[in-house]
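S.K.: here is my input; please provide its structure:
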Amino acid sequence: MSLYEIIAITAFLLVCLILYLRFSLRNLIKNRTLTSQDYLWKLKNITDKSEYDIFQIAAKEKGWSKDYVEKDFRRYLEDQTLPVYVKQFLEDGKEHINAYRCRGGDFFNKKAFIFFSLFALLIIGGSFIFCLYIYPRIYPFDLPGGKA
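M.R.: Numbers count the residues shown, from 1 in each chain. You can find the predicted model right below:
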């Protein structure tokens, strides 16, 4: 095997390893269970309302006063603990929250990933073809230690 073939095979295996790690990480993120904090963040992005507004809506639905909302929201800002009525509100709406996608779009956009993967493959493949086949024909050279 020549040096160029070893480099090409190593690069191919490296790309395969990177793709495998990327997809396995994606599956780990996708399959993990969401916490109440995650559902609050997701609902905030879906409805385009602030967390305080969601606290107000949850308190109104569950029958809590505004004084409790102010106190609980301050506590949420300090130590990120959700009050019981917000957790119940999020539990009741889990199916509806999961049915919608966030407004910001999906971080793992499949079309963009496929496009950039193929584009990178084209660039890497083109550079290998250029280095291995085209450039040596334009500018012939000998390896060190070769016969002159």
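
S.K.: quick check, distance from the helix or strand that contains I114 to the centre of its chain.
M.R.: Using DSSP states H and E, the element containing I114 is helix 110-129. On the basis of Cα atoms, centre = their mean, to the nearest Å, helix 110-129 sits 19 Å off its chain's mean C-alpha point.

S.K.: run through who's touching that helix.
M.R.: A8, A11, V15, L19 (Cβ atoms under 8 Å, 6 or more residues apart in numbering). Any C-beta I mention is one placed from the backbone N, CA and C, and that applies to glycine too.

S.K.: including pLDDT and neighbour count, could those residues go into JSON lines?
M.R.: Listed next are the contacts of helix 110-129 as JSON lines, based on pLDDT from 0 to 100; neighbours: other Cβ atoms under 10 Å:
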{"residue": "A8", "pLDDT": "83", "neighbour count": "17"}
{"residue": "A11", "pLDDT": "87", "neighbour count": "14"}
{"residue": "V15", "pLDDT": "88", "neighbour count": "14"}
{"residue": "L19", "pLDDT": "82", "neighbour count": "12"}
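
S.K.: and the next element down the chain from the helix holding I114?
M.R.: helix 135-138.

S.K.: longest helix of this structure?
M.R.: helix 3-31 (DSSP state H).

S.K.: just checking, what packs against the helix or strand just after that one?
M.R.: Per DSSP H and E, helix 3-31 leads on to helix 36-47 as the next helix or strand towards the C-terminus. Contacts defined by 3 or more Cβ pairs under 8 Å, 6 or more residues apart in numbering; DSSP states H and E place helix 36-47 against helix 51-62, helix 84-92, helix 94-99.

S.K.: from what I see, K94 and Y39 are in contact.
M.R.: Yes - in this structure, K94 is within contact of Y39 by Cβ atoms under 8 Å, at 6.5 Å.
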